Structure formats: structure tokens, C-alpha cells
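> Sequence and predicted model, in that order:
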Amino acid sequence: PKGKMAFAGKYEFEGDENYDAFVQKIGLPSDKVEMGRNCKIVTEVVQDGNNFTWTQHFPGGRTTTNSFTVGKEADMETMGGKKFKATVKMEDGKLVADFPNYRHTAEISGGKLVEISTSSGVVYKRTSKKIA
């Protein structure tokens, strides 16, 4: 059943589509591009009602954490490390956030975490499988 805790868990990167076209479009620096390619990122989501803590663990020990409440503006950080403010919304069971140069959605589909980022018509899709 689709409950409040639908997102909570740990997910390991499984595959992605359109990575190169997307990171070029958003102007990610080349060192970050290589770091992110087929990167076994583990995404850990802690959810308490509409409050989320979304942590990405990168190989080598680097982590990025965004904490937010659905419908309220929060301080966030992009995959390139830029800080910005965004309001995460819930639409049809998906979390939707407008980053400075792309729109990001996340949903649980078939037990997997599916994240889609769209920038000027380029769609980047990342799928992660649940490991905990």
C-alpha cells in the first residue's frame, strides 16, 4: 500500500539513462562528471510524515544531505555542490523539486527509487534498488 513511509529506506544505484547529455546541459564540471559516472551512490531516505532527510553516500566517503518538508522552502544542495532554496512538492505520489537549472522528481516504482531530472528537454533517469 502507498503509505506515508513509501520513500524510507536505503537504495543502491542500479543504472541510469542520458547521463552525459544531462550533465553537459547543466554545466557540471568535468571532474564531477567522471566522479558521477556509473557511480554506486547509495541514497538513504528518512521520512517522518512530510519531513524528509535525503542523504547520498558517494564512494570514498563523501555525502550530500538535503533535509526538507514537503510544501516548505528549504536550503538544498545540487549534485554539483551549489546551494540554493527550493520548495519540494508532492504530486501524484512523486516528490518534485525545481533546482536552479533542472526539475527533479523522485518516486518509488516497483520497489525501486526512480529519479528523473529534466533540463531543457534532456531527461536523465536514475534507478536505484532497495537494499535496506
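Received, thanks. Numbers count the residues shown, from 1 in each chain.

> Identify the residues contacting the residue nearest the centre of the chain.
Against the mean C-alpha coordinate of the chain, by Cα atoms, centre = their mean, the closest residue is Glu115 at 5.8 Å. Going by Cβ atoms under 8 Å, 6 or more residues apart in numbering, Glu115 touches His104, Thr105, Ala106, Lys125, Arg126, Thr127, Ser128. From N, CA and C alone the C-beta is placed, and that goes for glycine too.

> a markdown table for these, including pLDDT?
Below are these laid out as a markdown table (pLDDT from 0 to 100):
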| residue | pLDDT |
| --- | --- |
| His104 | 93 |
| Thr105 | 96 |
| Ala106 | 96 |
| Lys125 | 96 |
| Arg126 | 95 |
| Thr127 | 97 |
| Ser128 | 97 |
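
> now those in TSV, with distance to Thr53, secondary structure and neighbour count?
Shown next, in TSV, are those (distance: Cβ to Cβ, whole Å; DSSP: H, G, I helix; E, B strand; the rest coil; neighbours: other Cβ atoms under 10 Å):
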residue	distance to Thr53	secondary structure	neighbour count
His104	16	strand	21
Thr105	18	strand	17
Ala106	14	strand	21
Lys125	23	strand	16
Arg126	19	strand	23
Thr127	21	strand	17
Ser128	16	strand	23
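
> sorry, back to before: who is the residue nearest to the centre of the chain paired with across the strands?
Here Glu115 sits in beta bridges with Ala106, Arg126, going by DSSP bridges.

> any idea of the pLDDT on it?
With respect to pLDDT, Glu115 has a value of 96.

> again, but for the one 3 residues further on
The per-residue pLDDT reported for Thr118 equals 96.

> Are we agreed that Gly71 is in a strand?
No. Assignment of Gly71 by DSSP: H, G, I helix; E, B strand; the rest coil gives coil, placing it outside any strand.

> I'd say it and Phe52 touch.
No. Using Cβ atoms under 8 Å, Gly71 is not in contact with Phe52; the gap is 11.5 Å.
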